[in-house]
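> Quick one, what's the 3D model for this:
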Amino acid sequence: MLKLCVAGAAGRMGQAIIAEALAKGHQITGATEAPNCPALGRALCDFGVNSETKICTDINTALQDADIFISFTTPAADLINIPTAVALNKRIILGTTGFTPDQHQKITATMAGKVPAVFSPNYSVGINILFKLAEQLKAFPQGYDFSINEIHHIGKVDAPSGTAKKLGEIITDVRGYTKTISGREGISPRQPNELEVTTLRAGGVAGIHSLIIAGSNEMLRIEHTAFSRDVFAQGAVYAAEWLSQQSKPQIYSMADVLGLN
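Purely as a prediction, here's the structure:
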């Protein structure tokens, strides 16, 4: 049984992680939320899960009895919370996206070589296998164009998604693209050095990512659809179970968790 501290505990992702962890027999020993959250002071059982742990804003208090800190929140929150978790020598599962390049560098430098941590833009098993498949697409000859499309719910604020960015990094490395285009308007013919990444925000879509490879006579489309946030919660808890067995203080990926590296 793991003892977990979950950030953003009153949010939809936090609630999904808590429910998955409890279903797997783990314990929630800490739960945090933003200072202005109306759920502060309430017990998790008020949200329909079997835990009397109360939601607080003090990260130090929430982390005291935890083995692992899990955060799918905001860059601003994690820039405060992650250094505290590291200082308390807690393992970390980090799924927050939307970091600027400077913030990403700062947060990785904070964790690297200090504690065992998993940092991934997406905790879905299927997406991470898609990442691995994308590495094999170098077999396509010249003359094939690669495009990425992602769709998420209207509440997602960062665009493109962290998953689309990661997929784009893999494709850029495989194909040697030097420029990324996010949508077109007017007279804008595609150039050979361009990777297209498009974003849609609609309704309550949990996440759809499509990778399209098209030549003059054929097209391959690989698509991953998340039915709900539960798929990310499932992956996060699985990663936490794996991380509990790791002692080397380094930043791991979901590829490491799944044995794909």
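> and the gap between the residue nearest to Leu167 when sequence neighbours are not counted and Gly11?
In space, and not counting its chain neighbours, Leu167 is closest to Ile148: 5.6 Å by Cβ to Cβ, 6 or more residues apart in numbering. Any C-beta I mention is one placed from the backbone N, CA and C, and that applies to glycine too. Taking Cβ to Cβ, to the nearest Å as the measure, Ile148 falls 27 Å from Gly11.
> Mind checking which of those two has more residues around it?
Ile148 (24 against 18; other Cβ atoms under 10 Å).
> Can you give me every residue that contacts that one?
By Cβ atoms under 8 Å, 6 or more residues apart in numbering, the residues touching Ile148 are 160, 164, 167-168, 171, 195-198, 209-212.
> Write the PyMOL selection for whichever of the residues you listed are buried.
Here is the PyMOL command that selects the buried residues among the contacts of Ile148 (16 or more other Cβ atoms under 10 Å):
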select buried, resi 160+164+167+168+171+195+196+197+198+209+210+211
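> Where do the helices of the chain begin and end?
In the chain, the helices defined using DSSP state H lie at 12-23, 59-63, 75-87, 101-111, 125-135, 162-175, 230-243, 254-257.
> Mind checking these for the one nearest to Leu2?
Nearest to Leu2 among the helices of the chain is helix 230-243; the distance by Cβ to Cβ comes to 6.0 Å.
> May I see the buried residues of that closest one?
Judged by neighbour count (16+ other Cβ under 10 Å), helix 230-243 contains these buried residues: 231-240, 242-243.
> what's the burial count for the closest residue to Ile208 other than its chain neighbours?
Distances taken as Cβ to Cβ, 6+ apart place Ile151 nearest to Ile208, at 4.3 Å, with adjacent residues excluded. As a burial measure, Ile151 scores 20 neighbours (other Cβ under 10 Å).
> before we move on, the earlier item: for the contacts of Ile148, which one is nearest Ala109?
For the contacts of Ile148, the nearest to Ala109 is Gly168 (23.1 Å; Cβ to Cβ).
> how close does the closest residue to that closest one other than its chain neighbours get to Tyr123?
Once flanking residues are discounted, Gly168 sits nearest to Val197: 5.4 Å by Cβ to Cβ, 6+ apart. For Val197, the distance to Tyr123 equals 21 Å [Cβ to Cβ].
> can you list the weak-confidence ranges in the protein?
Counting by pLDDT under 70, the chain contains no low-confidence range.
> how about the residue nearest to Gly168, what does it touch?
Contacts for Val197 (Cβ under 8 Å, 6+ apart) come out as 147-150, 160, 164-165, 168, 180-182.
> and which of these is nearest Ala202?
Glu150 (11.3 Å).
> Tell me, how many residues neighbour the closest one?
Glu150 is flanked by 25 other residues according to other Cβ under 10 Å.
> Relative to Thr97, how far out is the closest residue to it other than its chain neighbours?
Distance criterion Cβ to Cβ, 6+ apart; nearest residue to Glu150, sequence neighbours excluded, is Ala164 at 4.2 Å. Going from Ala164 to Thr97 by Cβ to Cβ gives 10 Å.
> try Lys114
Per Cβ to Cβ, Lys114 is found 22 Å from Thr97.
> Pick out whichever of these two has more residues nearby.
The residue with more neighbours, out of Lys114 and Thr97, is Thr97; 22 against 18, by other Cβ under 10 Å.
> So what does that one look like in phi/psi?
Reported as degrees, to the nearest 10, the phi and psi values for Thr97 are phi -120, psi 180.
> Now do the contacts for it.
Taking Cβ under 8 Å, 6+ apart, we find Thr97 in contact with 121, 158, 161-163.
> Could you give the number of residues near the closest residue to it other than its chain neighbours?
Spatial nearest neighbour of Thr97, excluding adjacent residues (Cβ to Cβ, 6+ apart): Gly162 at 3.2 Å. Neighbour count for Gly162, taken as other Cβ under 10 Å: 18.
> Tell me how far Ser51 lies from Thr29.
With Cβ to Cβ as the criterion, Ser51 and Thr29 are 9 Å apart.
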